[in-house]
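Chemist: show me how the following folds:
(chains A and B)
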Amino acid sequence: MIGVVVVSHQNLSEILIETAISIMGHQEDITPVTFFSHEDLEDLKKKIISAIKKVDSGGGVVVFTDLLGGSCCNACAEILDKEKIVVITGLNIAMLLDIMVHRKLSNFNEVVKLVMLAGVKSIKNLKEIITKNE
Amino acid sequence: MSKQLLIARIDDRLIHGQVVVGWGRVIGFQLYIVINDEVAKDKTQQNLIKIAIPVEAKVLIFSIEEAIEKLTRVVKNKRAMLLFSNPTDVLKVIKGGFKICSVNLGGLRKSEKKREILPTVFLDNEKIEVFKELSLLGIEIEYRLLPGDEKVDFMEVLKNGKFI
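Modeler: Below you'll find the predicted structure:
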């Protein structure tokens, strides 16, 4: 199974995981990493690495971060050379739900693609699609 | 995956995250059927439901009358989820001749003058009577928010809480 780490500024990561679990049900091997403004960037890197270790059961790990270019994202730079670890930025709840659905599949790269697509596909102008449907 | 599977659920929110993702994507329904007289007349609600359903699945919206007439035919050989907003509609469809063995109760949320039975279930006496009637017809009523949760015998909950 694919392990999941969610890294965010403040405690968004904890809340997002909690929210996704309320929709999908209990999950194994998923963990949040929080980063508060007073914290040291080196400590954040250590927290991310230990979170990855915690959820890695051999099927690969997806690390989500809240913001492309933010500290949480930049702190992941060092883990990019590792095999079967990807960092996906711009996390939304649709992506998190999608990985919960697909994480038991064995094709790691395929799951990564599906998850990113789910995130993009969930962004819509509600008024436009409703009008289109009518 | 082609074997017929029917889940009937009572949930006053009808289609929402727990239903389309928590149930739908875990079980992989081909068909969602919303059975509700108000929604059958309300274009905006219908559109919101259509948007929520995954593209690979189909959604039908029936009034009670249409449901009685068409359900047996449309669910044949399908993995389908039937969604009701209240137990009275379930009873009407069963009395109309459609066979349901088990009903999953998700939520009937808070509103005035109703008693809390479970954190997501609030009922007045009239609705409690409807559940009693369903149970007397031999229908299992199981409370469960998500498919992975443990089934709770809802009639036992009513008995143990001295609601019946």
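Chemist: could you use CA atoms for every contact and neighbour count after this?
Modeler: OK.
Chemist: for the lowest-mean-pLDDT helix or strand in chain A, name the packing helices and strands.
Modeler: When each helix and strand of chain A is scored by mean pLDDT, DSSP states H and E, helix A:126-133 comes last, with a mean of 81. Here helix A:126-133 touches helix B:43-52, going by 3 or more C-alpha pairs under 8 Å, 6 or more residues apart in numbering or on different chains; DSSP states H and E.
Chemist: does the helix it packs on come close to chain A?
Modeler: Yes. Contact between helix B:43-52 and chain A, assessed by C-alpha under 8 Å from any C-alpha of the partner chain, occurs at B:44, B:47-48.
Chemist: mean confidence score for the next helix or strand after that helix?
Modeler: Next helix or strand after helix B:43-52 toward the C-terminus (DSSP states H and E): strand B:58-62. What strand B:58-62 shows for mean pLDDT is 97.
Chemist: other SSEs contacting strand B:58-62?
Modeler: Judged by 3+ C-alpha pairs under 8 Å, 6+ apart, strand B:58-62 is in contact with strand B:31-35.
Chemist: where does the chain dip in pLDDT?
Modeler: Since no chain was named, I'll use chain A. Within chain A, the stretches with pLDDT under 70 are A:133-134.
Chemist: let me rephrase: I mean chain B.
Modeler: B:1-2.
Chemist: that one: strands as residue ranges?
Modeler: Counting by DSSP state E, chain B has strands at residues B:5-11, B:31-35, B:58-62, B:79-84, B:102-107, B:115-118, B:121-123, B:140-143, B:152-153.
Chemist: next, the angle from the first one to strand B:31-35.
Modeler: Orientation of strand B:5-11 against strand B:31-35 (axes from the mean of the first three to the mean of the last three C-alpha atoms, to 10 degrees) gives an angle of 40 degrees.
Chemist: residues making contact with the next helix-or-strand element following strand B:5-11?
Modeler: Where DSSP H and E defines the elements, the next helix or strand beyond strand B:5-11 is helix B:17. Contact partners of helix B:17, identified using C-alpha atoms under 8 Å, 6 or more residues apart in numbering or on different chains, comprise residue A:23.
Chemist: what about helix B:17, distance to the chain center?
Modeler: 15 Å (C-alpha atoms, centre = their mean, to the nearest Å).
Chemist: which of the residues of helix B:43-52 next to chain A sits closest to residue A:132?
Modeler: Lowest distance from residue A:132 to the residues of helix B:43-52 next to chain A (C-alpha to C-alpha) belongs to residue B:47, with 9.8 Å.
Chemist: now the closest one. Nearest residue, chain neighbours left out?
Modeler: Spatial nearest neighbour of residue B:47, excluding adjacent residues (C-alpha to C-alpha, 6 or more residues apart in numbering or on different chains): residue A:130 at 6.1 Å.
Chemist: which residues sit in contact with that neighbour?
Modeler: By C-alpha under 8 Å, 6+ apart, the residues touching residue A:130 are B:44, B:47-48.
Chemist: okay, the residues you listed in CSV with distance to residue A:30 and neighbour count next?
Modeler: Conversion of these to CSV gives the following (distance: C-alpha to C-alpha, whole Å; neighbours: other C-alpha atoms under 10 Å in any protein chain shown):
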residue, distance to residue A:30, neighbour count
B:44, 37, 13
B:47, 34, 16
B:48, 31, 16
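Chemist: what parts of chain A come near chain B?
Modeler: Within chain A, the positions near chain B by C-alpha under 8 Å from any C-alpha are A:22-26, A:97, A:101, A:130, A:133-134.
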